[in-house]
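Student: Prediction below, plus the sequence it came from.
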Amino acid sequence: MIPLLLKHHFSSPNSSNLFSNRTVFYRDSISLVLPLNKPQFHRRTSQVCHMAALQDGVATVAVMAGAYTLVYTFDKLTQRQIIEQKLSRKIVHILSGILFMSSWPLFSSSAEARYYAAIVPLLNCARLVIYGTRLFKDEALIKSVTREGNPEELLRGPLYYVIVLLFSVLVFWRDSPVGLVALAMMSGGDGFADIIGRMYGSTKLPYNRNKSWIGSISMFVSGFLLSIGILYYFSIFGYLHFAWDEAIVKVALVSFVATLVESLPITEVLDDNISVPIASMCTALLVFGSGSS
Ligand SMILES: C/C(=C\COP(=O)(O)O)CCC[C@H](C)CCC[C@H](C)CCCC(C)C
Ligand SMILES: Nc1ccn([C@@H]2O[C@H](COP(=O)(O)OP(=O)(O)O)[C@@H](O)[C@H]2O)c(=O)n1
């Protein structure tokens with residue numbers, strides 16, 4: 001469903017605006033002019049707000065269910081030894097960010113929508129802390145999201161990852177390319193760097209013997225392609241508009257900087273799930289500014 005586009009224009013009573021002392025509702029370019037001082041205006045506004053809240057509530061439950069299903073699915077695949085644990089973790093790493101961003105058009109166009117969407121990473125932060133501190137046990141989560149099966153691992157990479165999701169949805173949401181590109185680099189870029197690097201990374205980087213050329217090249221290419229793809233996806237829904245010839249160059253620059261930062265031997269000091277999104281956000285803010293084109 002094309003998101004309900006509601007823009008309230010309250011013009012001051014003495015403004016020269018054609019609709020002074022009235023409210024103009026836009027829905028898909030149809031403007032409804034309702035008199036502010038009529039009961040039906042307040043009834044209509046209340047109905048629209050309730051519709052938006054209902055839409056956001058349903059979307060929140062659906063996305064939360066998607067998060068559980070993702071982890072449960074890869075737990076079963078790992079349990080049945082269809083895929084090994086390290087690969088499971090990385091695929092969950094890649095899919096969580098990409099699918100979470102892809103779900104954002106499900107939410108309404110109300111100002112509160114981002115806070116509903118933020119409930120999902122917030123609850124997952126709580127989940128990671130609860131199981132990472134061994135308050136309770138969740139074998140499915142541990143098997144699909146940790147390398148070695150230690151609950152404490154949940155409190156590092158996975159927790160940083162979900163905190164970045166929470167930060168991006170609250171600060172940037174779908175109004176800016178900055179958060180979208182940063183999440184694409186953290187989830188898709190870093191995820192593929194690990195998968196391809198582990199498999200084919202025999203030629204190591206001269207300044208970091210734990211990482212390889214093929215791993216970094218994979219990060220640049222996958223991060224770039226996923227970033228362009230997610231920006232195009234949000235432009236289809238009308239949230240963002242780009243001069244694509246410029247946007248491609250800007251995304252390539254963000255991808256290069258993120259790949260360079262990820263390749264540095266700083267993982268012991270600063271987790272990739274923090275350094276990569278920070279580098280991506282800073283570069284994206286420089287090249288895109290707060291706008292989209
Ligand atoms: C495995 C993860 C991070 C570890 O990264 P690294 O240390 O290997 O670099 C990702 C953890 C994901 C988390 C358990 C679940 C997050 C769900 C997300 C908030 C919402 C996804 C919704 C979508 C519809 C599936
Ligand atoms: N640029 C990269 C990144 C990772 N890798 C490979 O992927 C493994 C895990 O990478 P990582 O330490 O970044 O893993 P995470 O912290 O992202 O889970 C490395 O030990 C390398 O074998 C690579 O070869 N080149």
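Tutor: Arrived safely, thanks for sending. Residues are numbered from 1 along each chain as shown. Ligands and ions are numbered 1, 2, ... in the order given.
Student: What parts of the stretch 51-200 of the chain come near ligand 2?
Tutor: 157, 190, 193-194, 197-198 (C-beta under 6 Å from any ligand atom). Quick note: C-beta positions are derived from backbone N, CA and C, even for glycine.
Student: Which parts of the stretch 1-150 of the chain are strands?
Tutor: For the stretch 1-150 of the chain, strands defined by DSSP state E, counting those that start in this stretch occupy the ranges 9-10, 22-27, 30-35.
Student: try the stretch 151-293 of the chain
Tutor: With DSSP E, counting those that start in this stretch, the ranges of strands along the stretch 151-293 of the chain come out as 204-205, 208-212.
Student: Tell me which other helices or strands the first one touches.
Tutor: Read that as strand 204-205. strand 208-212, helix 213-236 (3 or more C-beta pairs under 8 Å, 6 or more residues apart in numbering; DSSP states H and E).
Student: Looking at the residues of the stretch 51-200 of the chain next to ligand 2, which are in helices?
Tutor: If you go by DSSP state H, those have 157, 190, 193-194, 197-198 in helices.
Student: and of those, the nearest to ligand 2?
Tutor: Minimum distance to ligand 2 across these is 2.3 Å, recorded for Gly197 (C-beta to the nearest ligand atom).
Student: from what I can see that closest one touches Lys211, true?
Tutor: Yes - at 6.5 Å, Gly197 and Lys211 qualify as touching, with contact defined as C-beta atoms under 8 Å.
Student: could you list every residue that touches whichever residue of the stretch 101-250 of the chain sits closest to ligand 1?
Tutor: Distances between the stretch 101-250 of the chain and ligand 1 by C-beta to the nearest ligand atom are smallest at Gly157, namely 2.1 Å. Applying C-beta atoms under 8 Å, 6 or more residues apart in numbering, one finds that Gly157 lies in contact with 271-273.
Student: follow-up on the earlier one: pipe the helices and strands packed on strand 204-205 into JSON lines and attach distance to Val129 and mean pLDDT per row.
Tutor: Shown next, in JSON lines, are the helices and strands packed on strand 204-205 (distance: least, C-beta to C-beta, whole Å; pLDDT from 0 to 100):
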{"stretch": "strand 208-212", "distance to Val129": "28", "mean pLDDT": "97"}
{"stretch": "helix 213-236", "distance to Val129": "28", "mean pLDDT": "98"}
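Student: Return the distance of stretch 67-84 from the chain's centre.
Tutor: Remark: stretch 67-84 is offset 22 Å from the chain centroid, using C-alpha atoms, centre = their mean, to the nearest Å.
Student: So for it, what gets flagged as buried?
Tutor: By 16 or more other C-beta atoms under 10 Å, the buried positions in stretch 67-84 come out as 67, 70-71, 73-75, 77-78.
Student: Could you list which of the residues you listed belong to helices?
Tutor: Counting by DSSP H, those place 67, 70-71, 73-75, 77-78 in helices.
Student: ok, so what distance separates the residue nearest to Ser168 when sequence neighbours are not counted from Met185?
Tutor: Here the nearest residue to Ser168 in space, its sequence neighbours aside, is Gly179; by C-beta to C-beta, 6 or more residues apart in numbering that works out to 3.6 Å. Distance of Gly179 to Met185, computed by C-beta to C-beta, to the nearest Å: 11 Å.
Student: need the contact list for the residue most central in space within the chain.
Tutor: In the chain, the residue lying closest to the centroid (C-alpha atoms, centre = their mean) is Met101, at 4.0 Å. Residues near Met101 by C-beta under 8 Å, 6+ apart: 180, 183-184, 230.
Student: Repeat that for Val92.
Tutor: So, once contact is read as C-beta under 8 Å, 6+ apart, Val92 ends up touching 70-71, 74, 144-145.
Student: got a list of what Val120 touches?
Tutor: With C-beta under 8 Å, 6+ apart, Val120 has these contacts: 60, 63-64, 67, 100.
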